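Enquirer: Fold the following.
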Amino acid sequence: MDLKSSKPSPVLTDPALMDKSRLGIRGLLPCTQGGPSFSTSVLAIPKRRPVKLDDVRSNGWLDAMKASSPPRKKSMKSVNLEVVSDDSSETAYRSWMIKYPSALGSFDKIMSRAKNSRIVIFLDYDGTLSPIVDDPDRAFMSADMRLAVRNVAKHFPTAIISGRSRDKVYELVGLTELYYAGSHGMDIMFPDSGSQSINHTSVTKSTDQSKEVNLFQPASEFLPMIDEVFRTLVENTKDIKGAKVENHKFCTSVHYRNVAEKSWPIIAQRVHDVLNNYPRLRLTHGRKVLEVRPVIDWDKGKAVEFLLESLGLGDKNDLLPIYIGDDRTDEDAFKVLREGSRGYGIIVSTVPKESKAFFSLRDTSEVKDFLEALVKMKEQKDPKKI
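Expert: Numbering: from 1, shown residues only. Have a look, this model is predicted:
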């Protein structure tokens, strides 16, 4: 089967559900050694009238890039103007917190809901456990944050769900007791200690870095295509100063954080031109990053549902999942927890933004404080288990 089409348009919106099951994963199998087979019975291809996209200025890409980008730092031209701006921003933030109250200030309320319930923790990485930095390879978490995450994992099932590759986020975190979901949940690895508690037939054993691990990879068949797109994007953007392309195994990211804004139309057009030949891939936006993903009904929200079901917790009423994240891709998880009041989403942000989360934290230091508060609460409640 030809993996590419001559002139299809890239998919700019989420595809339709590809399966009527709750998780949308029925029939998904790991890629066999015989090579990929992109079966339409497994992978969703949106049925829509082709739309010719001649220019990224007219199809909404640039608007989406600007909307998903953090605000620029304040000008230093006038100290007085900066003070006024700071006061105005703080007032706006405090008003925003009426709708999204501090998770630290609301800690007792959250724990009251958690009474007699099992807490499960889900964490994004960039902007949540580590600060946002210009070089993604240097987004390191502090030693104190690593200790806080390790202590939380001692008491509660804990998963990190990141847009990064699973291998990369595992390298950055370095804790074996966690569940790791890379590529927005398309590459899930279970900890060694959790291998006996897995309750899902789609989890398979595989050899990873010389050890046997339990994996779930619903987009395995896309690996050759993603790799091909990655190599093409590297070649097509190498002349754009500041551009960085990363291969996250099941998705490819094109960072424009260090690209001059006047060059954003250029980088957007280059990505657009590449995706023109891949109707089975779609574009999403993160914080100054364009992300190319397979067209399957899968995201961080689906990953949360899958992990809960794999742990035998999917239908538990005595359960309180808590998801902490800062990016628009985390909204899929916030939405899942908000529906039916299943749990709490906590948005990490220094600026007001609309969200499906219930609570907020200002920055990574407050995330650490919240995790430490969880540990302290648990140890005071069960001192004999310390």
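Enquirer: which residues sit in contact with the spatially closest residue to residue 189 that is not a sequence neighbour?
Expert: Closest residue to residue 189 apart from its sequence neighbours, by CB to CB, 6 or more residues apart in numbering: residue 180 at 4.7 Å. For every residue, glycine as well, the C-beta is placed using N, CA and C. Listed by CB atoms under 8 Å, 6 or more residues apart in numbering, the contact set of residue 180 reads 159-160, 166, 169-170, 173, 188-189.
Enquirer: Could you report the separation of residue 180 from residue 372?
Expert: 22 Å (CB to CB, to the nearest Å).
Enquirer: same check, this time on residue 297
Expert: Residue 297 is 37 Å from residue 372, by CB to CB.
Enquirer: Now the two most distant members of the contacts of residue 180.
Expert: 173 and 188 (14.7 Å; CB to CB).
Enquirer: What pairs with whichever helix or strand the residue nearest to residue 189 is part of, parallel or antiparallel?
Expert: Using DSSP states H and E, residue 180 sits in strand 179-182. Strand pairing for strand 179-182, using DSSP bridges, gives strand 158-161 (parallel), strand 187-189 (antiparallel).
Enquirer: Check the average confidence over the first one, would you?
Expert: Okay, so that is strand 158-161. The pLDDT scores in strand 158-161 average 97.
Enquirer: quick check, distance from it to the centre of its chain.
Expert: 10 Å (CA atoms, centre = their mean, to the nearest Å).
Enquirer: for the stretch 51-200 of the chain, which spans come out with low pLDDT?
Expert: 51-59, 68-86, 192-200 (pLDDT under 70).
Enquirer: switch to 90 and redo it
Expert: By pLDDT under 90, the low-scoring segments of the stretch 51-200 of the chain are 51-89, 115-117, 132-138, 191-200.
Enquirer: ok, which stretches of the chain are helices?
Expert: 61-67, 79-99, 107-114, 143-155, 166-173, 223-237, 264-275, 300-310, 331-338, 364-381 (DSSP state H).
Enquirer: hmm, who's touching stretch 252-271?
Expert: With CB under 8 Å, 6+ apart, stretch 252-271 has contacts from 55-57, 61-62, 65-66, 134, 136, 163, 226, 229-230, 233, 236-237, 240-246, 283, 286-292.
Enquirer: Out of the residues you listed, which end up buried?
Expert: 56, 61-62, 65, 136, 163, 226, 229-230, 233, 236-237, 240, 243-246, 283, 286-292 (16 or more other CB atoms under 10 Å).
Enquirer: Buried residues, stretch 328-347. List them.
Expert: Of the residues in stretch 328-347, those buried (16+ other CB under 10 Å) are 328-338, 342-347.
Enquirer: which residues does the residue lying closest to residue 366 once chain neighbours are set aside contact?
Expert: Closest residue to residue 366 apart from its sequence neighbours, by CB to CB, 6+ apart: residue 104 at 6.1 Å. Residue 104 sits next to 361, 366, 369-370, 373 when contact means CB under 8 Å, 6+ apart.
Enquirer: could you redo the last one with a cut-off of 10 Å?
Expert: 110, 346, 359-362, 366-367, 369-370, 373 (CB atoms under 10 Å, 6 or more residues apart in numbering).
Enquirer: now, the most widely separated pair of these?
Expert: Every pair in the contacts of residue 104 was compared (CB to CB); the two farthest apart turn out to be 110 and 362, at 16.5 Å.
Enquirer: With neighbour numbers in mind, choose between those two.
Expert: residue 110 (21 against 16; other CB atoms under 10 Å).
Enquirer: burial count for residue 269?
Expert: Residues near residue 269, counting by other CB under 10 Å: 17.
Enquirer: do you know how far it is from residue 119?
Expert: Distance from residue 269 to residue 119, by CB to CB: 46 Å.
Enquirer: ditto for residue 372
Expert: 14 Å.
Enquirer: higher neighbour count, the two?
Expert: residue 119 (22 against 16).
Enquirer: The more buried one against residue 319, yeah?
Expert: Yes: proximity of residue 119 to residue 319 meets the contact threshold set by CB atoms under 10 Å, at 8.1 Å.
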